[in-house]
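Sharing a model prediction with you, sequence too.
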Amino acid sequence: AQSVTQLDSQVPVFEEAPVELRCNYSSSVSVYLFWYVQYPNQGLQLLLKYLSGSTLVESINGFEAEFNKSQTSFHLRKPSVHISDTAEYFCAVSDPDKLIFGTGTRLQVFP
Amino acid sequence: DAGVTQSPTHLIKTRGQQVTLRCSPKSGHDTVSWYQQALGQGPQFIFQYYEEEERQRGNFPDRFSGHQFPNYSSELNVNALLLGDSALYLCASSSLVGNTEAFFGQGTRLTVV
């Protein structure tokens, strides 16, 4: 069975600093990978996805993630975070039509 | 487009009771999946419905059952509630054809006391 590991449960960072949220998956077959964001008391919103093609995918709000098959990783990065980026971030893999989620990383941005 | 809508938003039930949660998928979507998100955890897949039938099921007991209606809306039923069933229940809709991404609703917060 596929699994997703998010090693960092919490990541504190100051505003305008860069951030990386780590995600590793276990799979020997082709995968679809996703990052979702969850704001307090809300559902999940898709941030970005990797289905095929370019290994670097970007979101409209400045986040990017790189699919690394050899390291089975899909780390999320942002060069400069804002206070509004404070949220819970979940990495997920498609298996194949259901999503397997990691335990989440709480990104806390301080002024 | 209203997106995925879930009702109710919050619910308090007593141990042993039964509960029904409802979900209306995004327009154009025919597949509904249900997830349970316990506090501090990632969502866990419960089951998926397509063409009014359960298509896939996660590792949840038979106390968890569902239904999909001809208009693609869905219900999640949980019988004999346990304290451990307290969680955020998320509904996600997608289209099986074309393998589109899943869109999530706001969730129903269930508290069992």
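Nice, I can see it. Numbering: from 1, shown residues only, chains lettered A, B, ... in the order given.

end-to-end on stretch B:47-59?
One end of stretch B:47-59 sits 9 Å from the other (Cα to Cα, to the nearest Å).

now that stretch: mean pLDDT?
Averaging pLDDT along stretch B:47-59 yields 94.

hmm, who's touching that stretch?
Under the contact criterion Cβ atoms under 8 Å, 6 or more residues apart in numbering or on different chains, stretch B:47-59 has outside partners A:97-98, B:30-34, B:44-46, B:60, B:64, B:66-70, B:74, B:96. C-betas here are computed from N, CA, C, even on glycine.

hmm, try it at 10 Å
Residues from elsewhere that reach stretch B:47-59, judged by Cβ atoms under 10 Å, 6 or more residues apart in numbering or on different chains: A:1, A:95-98, A:100, B:23, B:25, B:30-36, B:44-46, B:60, B:64-70, B:72-76, B:92, B:94-96, B:102.

Quick one: distance of it to the chain centre.
11 Å (Cα atoms, centre = their mean, to the nearest Å).

All the strands of chain A, in order from the start?
For chain A, the strands defined by DSSP state E cover A:3-5, A:10-14, A:19-21, A:24-26, A:33-38, A:44-50, A:56-58, A:64-68, A:73-78, A:87-94, A:99-101, A:105-110.

mind showing which ranges of chain A have poor pLDDT?
For chain A, the stretches with pLDDT under 70 are A:28.

which parts of it sit against chain B?
Counting by Cβ under 10 Å from any Cβ of the partner chain, chain A comes close to chain B at A:1, A:4, A:6, A:9, A:32, A:34, A:36, A:38, A:41-46, A:49, A:51, A:88, A:90-92, A:94-104, A:106.
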